[in-house]
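Novice: fold the stuff below for me.
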Amino acid sequence: MTWLPATAAAATSFDRVFGLRPDLYADYRAFESLFWSSRPVAPVLLEICRLRIAQVLGCDPEQRRRCTAASIAGLTEQKISALDDWPNSTVFSEVERTCLAFAEKFVLDPRGVTDEDAAAVGAHLSPPAMVAFTEALALFDGFTRFRLILGIGPDEAN
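Specialist: Numbers count the residues shown, from 1 in each chain. This is a model prediction of the structure:
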């Protein structure tokens, strides 16, 4: 439960809390939707990285949330359940492993991301996709932390 006051009716706790700043919330939603609608990076790849970030940061509401675009693109609960041990799982492709490693380092040690780490991802993604991927990681990391810091509850079903 968040420590912030309740706001007007909204679909989720996240919507109610972020709704305290409607001037920013609309821009956030528009920015977030670009990653899923314009598809500079495959939705399944983005979603497994988003979910792994939620695991690393210990954010249960974000771990339970699912992106519809990734589900439509073929992401399965079997693959999601393998994220806990992704380095040893056989369900992830080379590009997925490379991007998951980069995502973890991005969250845990951003100053430790090396040129070699970026080049490994860049071997699979075009330069515009690499920028989009990194922006998406920043969005996922930042707003997972936003949810944790503000105590936003687990009622998501997006």
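
Novice: next one: the nearest residue to Gly58 once chain neighbours are set aside, what pLDDT does it get?
Specialist: Take Gly58 and drop its neighbours on the chain: the residue closest to it by C-beta to C-beta, 6 or more residues apart in numbering is Leu148, 7.6 Å away. For every residue, glycine as well, the C-beta is placed using N, CA and C. What the model reports as pLDDT for Leu148 is 92.

Novice: where does Leu148 sit, in terms of helix or strand?
Specialist: When secondary structure is defined using DSSP states H and E, the element that contains Leu148 is helix 127-150.

Novice: if we can go back for a sec, I'd say the residue nearest to Gly58 and Cys59 touch.
Specialist: Yes - the pair Leu148 and Cys59 passes the contact test of C-beta atoms under 8 Å, sitting 5.5 Å apart.

Novice: ok, these two, which is more surrounded?
Specialist: More crowded of Leu148 and Cys59, by other C-beta atoms under 10 Å: Cys59, with 21 against 16.

Novice: distance check, that one against Arg145.
Specialist: 8 Å (C-beta to C-beta, to the nearest Å).

Novice: okay, now Gly58: neighbour count?
Specialist: Close neighbours of Gly58, defined as other C-beta under 10 Å, add up to 10.

Novice: make that Arg50, sorry
Specialist: That count, for Arg50 with other C-beta under 10 Å as the rule, works out to 25.

Novice: just Ala26 next, same as before
Specialist: Ala26 sits with 11 neighbouring residues when counted by other C-beta under 10 Å.

Novice: what comes up buried for the helix or strand hosting it?
Specialist: Ala26 is part of helix 22-37, with elements assigned from DSSP H and E. Within helix 22-37, the residues scored as buried using 16 or more other C-beta atoms under 10 Å are Tyr25, Phe35, Trp36.

Novice: and stretch 86-106, by the same measure?
Specialist: Across stretch 86-106, burial judged by 16+ other C-beta under 10 Å covers Trp86, Phe92, Glu96, Thr98, Cys99, Leu100, Ala101, Phe102, Ala103, Glu104, Lys105, Phe106.

Novice: using CSV, lay out those residues together with distance to Thr68 and pLDDT.
Specialist: Written out in CSV, the entries for these read as follows (distance: C-beta to C-beta, whole Å; pLDDT from 0 to 100):
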residue, distance to Thr68, pLDDT
Trp86, 22, 97
Phe92, 21, 97
Glu96, 20, 98
Thr98, 25, 98
Cys99, 20, 98
Leu100, 21, 98
Ala101, 26, 97
Phe102, 24, 98
Ala103, 21, 98
Glu104, 25, 97
Lys105, 28, 97
Phe106, 24, 97
